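S.K.: Next come a sequence and a model predicted from it.
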Amino acid sequence: MLEVSGLYHRYGKGDGAHLAVNDLTFTVETGQLACIVGPSGCGKSTMLRCISGLIKPTGGNVSLQGKPVDGVPEDLAVVFQDYSRSLFPWLTVRKNVEFPLRWRGLGKAERRKRAEEALEWVNLPNVGDKYPWQLSGGMQQRVSIARALARRPALLLMDEPFASVDAQTRFELEDLLRKVQRQNKSTVLLVTHDIDESVYLGDRVLVLSKSPATIVADLTVDLPDE
Ligand code: ADP
Ligand code: ADP
C-alpha cells in the first residue's frame, strides 16, 4: 500500500520559488488501479517524482508498504510516456525485460522465465528476439509495461503512459492494462490529463486542481467485473 500524507513541493527559493504540489494526502490500496487526473502543468509529474524518490519533497511523507520512501525504492517500477527513450536499442526485447531483474539477484533461468511470462501478459509472446526499433510505438510501450511487471513491483507508477500513441492503439493498451492489472492484482498509480481515460481505467479517480496540485475530488468507480 502507498501512503502519501501532506505532500508539498516547491521548486527554487525566494522570489523565484514555485509551489508545484500543495498538501496532497491519499492512499492507494494493494490491488487498486488509482488514476490521478489533472490539467497539464498542475504538478502531476512533480508528485510522481516525489513518490518515486527521484526528488525529495519540500514537505510531507510518502511511504510504500509501511516504509518511508527515501531514494528510489527497489519494489517500485515506473512507466513513462516516452517509450522511445525508455528501452535500450542495442538489447533485444527479451534482454530489455530481463535487464532490471539482474539487480535483484535472480539467476539466468528465472530471469528468462519471468521475461517470457511478462511478454505473454502484454500479448507479445513472439517478439523476444527482436530489437525495439523493429516494433511499432504501441508494441514498444507494451514491452516497457512488461519490463515493469516482470519485476513484480509493490507499486507500478505510470506517467501518461498512453499519451504518445495513436487513439486506436491507446484503446488497445488501455484494455490490455486493465486485463493484466486485474489478472495480477497489481497496485497501480496512473497519472493522466485525460478524464475519459481516468474514468475508464481507474477503480478510483483522484481529481487535481490546477497548479499547485490539490485534490478536489476522490471518486470510487464501482463497475461490475467483466
Ligand atoms: P504536470 O506533470 O501536471 O504537467 P509538472 O509537475 O511537470 O506538471 O509541473 C508543475 C509546475 O511546476 C509547472 O508550473 C512547471 O512549470 C513547474 N516545474 C516543473 N518542473 C520544474 C523544475 N524542475 N523547476 C521549476 N519548475 C518546475
Ligand atoms: P510534463 O507536463 O510532461 O511534466 P513539462 O513540459 O511540464 O512536462 O516538463 C518537462 C521538463 O521540464 C521536466 O523535466 C520539468 O521538470 C522541466 N520543467 C518544466 N517547467 C520548468 C520550469 N519552469 N523550470 C525548470 N524546469 C522546468
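M.R.: Yep, it's here. Ligands and ions are numbered 1, 2, ... in the order given.

S.K.: would you put the C-alpha positions of the helix or strand hosting Ala34 in PDB?
M.R.: Applying DSSP states H and E as the criterion places Ala34 in strand 33-37. Extracted C-alpha coordinates of strand 33-37, given in PDB (Å, rounded to 0.1, in the frame of the first residue of the first chain):
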ATOM      1  CA  LEU A  33      -5.700   0.900 -10.000                       C
ATOM      2  CA  ALA A  34      -5.900   4.500  -9.000                       C
ATOM      3  CA  CYS A  35      -5.800   7.300 -11.600                       C
ATOM      4  CA  ILE A  36      -4.800  10.800 -10.900                       C
ATOM      5  CA  VAL A  37      -6.200  13.300 -13.400                       C
END
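
S.K.: Tell me what angle the helix or strand following that strand forms with strand 33-37.
M.R.: Note on strand 33-37: by DSSP H and E, the next helix or strand toward the C-terminus is helix 44-51. If you take axes from the mean of the first three to the mean of the last three CA atoms, to 10 degrees, helix 44-51 sits at 130 degrees to strand 33-37.

S.K.: Helix 44-51 - contacts with which helices or strands?
M.R.: strand 2-11, strand 18-28, strand 155-159, strand 188-192 (3 or more CB pairs under 8 Å, 6 or more residues apart in numbering; DSSP states H and E). C-beta here means a position set from N, CA and C on the backbone, and glycine is covered the same way.

S.K.: For the longest helix anywhere in the chain, give the mean pLDDT please.
M.R.: Assignment by DSSP state H gives helix 167-184 as the longest helix of the chain. The pLDDT scores in helix 167-184 average 92.
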